[in-house]
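> sequence unknown, structure follows:
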């Protein structure tokens, strides 16, 4: 016996499409807005994660987990950020657990400049458009998603 | 006088990060799941949009708008889909308004195979994890986002 496909109902379908399109537009907008600082949204998230870590550095593997990115994509991006002197990669001979990415002073300085502008964009194009309750619901839903799917 | 930055409060910050990480994990999961059909989530969305259009075809510009993708990225992806005989590009001499993308029979067949599997993944990793109210809130929020940002 074949299992019947449980298609989305009309309401779910509308919400799912709104999420897909809204996310595509939001990410493109935040990305474009950061271009004046010479970085994109993906670069920005890397700089933020490093800025929050002890000594402003993380193992590449930990950074990949926190951003849920493939190692190959992250290696590529961090290489670009390193060429721009925003991040530096180090490896310690006594530490066999891999390569670290570390935020440079220039990287920290850029983040300080970009952050207020970026946060304005997140507010204007997302947070301020939603009621407090609806935005809390978004948080709950994607927290469940994160937990359900887990790390790579 | 400098404008004070309106940082996100703790609750907003948590919801925003949950959305970013949850979305990254969800998209990676749906993408991986579709690899057994030889396509990714981005390809899938293109095939769906074409399948729903009259004569299963859309102008490239319209397709780009619906997916909120840059023309250059879409051209690249559609080129790949065309090489796999899932989509074909046509241009009509009497129509100066550009190139059309059209779903092939093979593309339609692949979509029919992949759709039940993909919908299961959307349910399991998103829709069924949320209450009906919370998922409706997600729809409302990203509908506002789409409308606010608008087309490229």
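Noted; the coordinates are in hand. Because the structure is a prediction, the values reported are computed rather than measured. Numbers count the residues shown, from 1 in each chain, chains lettered A, B, ... in the order given.
> need the helices for chain A, in chain order.
Assigned by DSSP state H, chain A shows helices spanning A:10-34, A:41-52, A:60-67, A:71-83, A:105-125, A:132-149.
> With mean pLDDT and mean neighbour count as new columns, can the ones you listed be given to me in CSV?
(C-beta placed from N, C-alpha, C; glycine too.) Below are the helices of chain A laid out as CSV (pLDDT from 0 to 100; neighbours: other CB atoms under 10 Å in any protein chain shown):
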stretch, mean pLDDT, mean neighbour count
helix A:10-34, 96, 19
helix A:41-52, 97, 19
helix A:60-67, 92, 18
helix A:71-83, 95, 15
helix A:105-125, 97, 16
helix A:132-149, 98, 19
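> Dump those helices to TSV, plus distance to chain B.
Putting these into TSV (distance: least, CB to the nearest CB, whole Å) gives the following:
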stretch	distance to chain B
helix A:10-34	3
helix A:41-52	7
helix A:60-67	7
helix A:71-83	10
helix A:105-125	4
helix A:132-149	3
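> now residue A:146, nearest residue through space, not along the chain?
Using CB to CB, 6 or more residues apart in numbering or on different chains and skipping the chain neighbours, the partner closest in space to residue A:146 is residue B:22 (4.5 Å).
> again, but for residue A:136
residue B:15 (6.1 Å).
> What of residue A:28?
In space, residue A:28 is closest to residue B:68, 6.1 Å off (CB to CB, 6+ apart).
> Tell me which of the helices of chain A sits nearest to residue B:46.
Of all the helices of chain A, helix A:10-34 sits nearest to residue B:46, with 12.3 Å by CB to CB.
> which residues touch the closest one?
A:8, A:40-44, A:114, A:117-118, A:121-122, A:125-126, B:23, B:45, B:66-69, B:122, B:126-127, B:135-136, B:138-146, B:149-150, B:152 (CB atoms under 8 Å, 6 or more residues apart in numbering or on different chains).
> Now with 7 Å, please.
Defining contact as CB atoms under 7 Å, 6 or more residues apart in numbering or on different chains, one finds that helix A:10-34 is touched by A:8, A:40-41, A:44, A:114, A:117-118, A:121-122, A:125-126, B:23, B:67-68, B:122, B:127, B:135-136, B:138-139, B:142-143, B:145-146, B:149.
> Distance from that helix to the middle of the chain?
Helix A:10-34 has its C-alpha centroid displaced from the chain centroid by 15 Å (CA atoms, centre = their mean, to the nearest Å).
> Now do it and helix A:132-149, the angle between them.
Inter-element angle recorded for helix A:10-34 and helix A:132-149: 90 degrees (by axes from the mean of the first three to the mean of the last three CA atoms, to 10 degrees).
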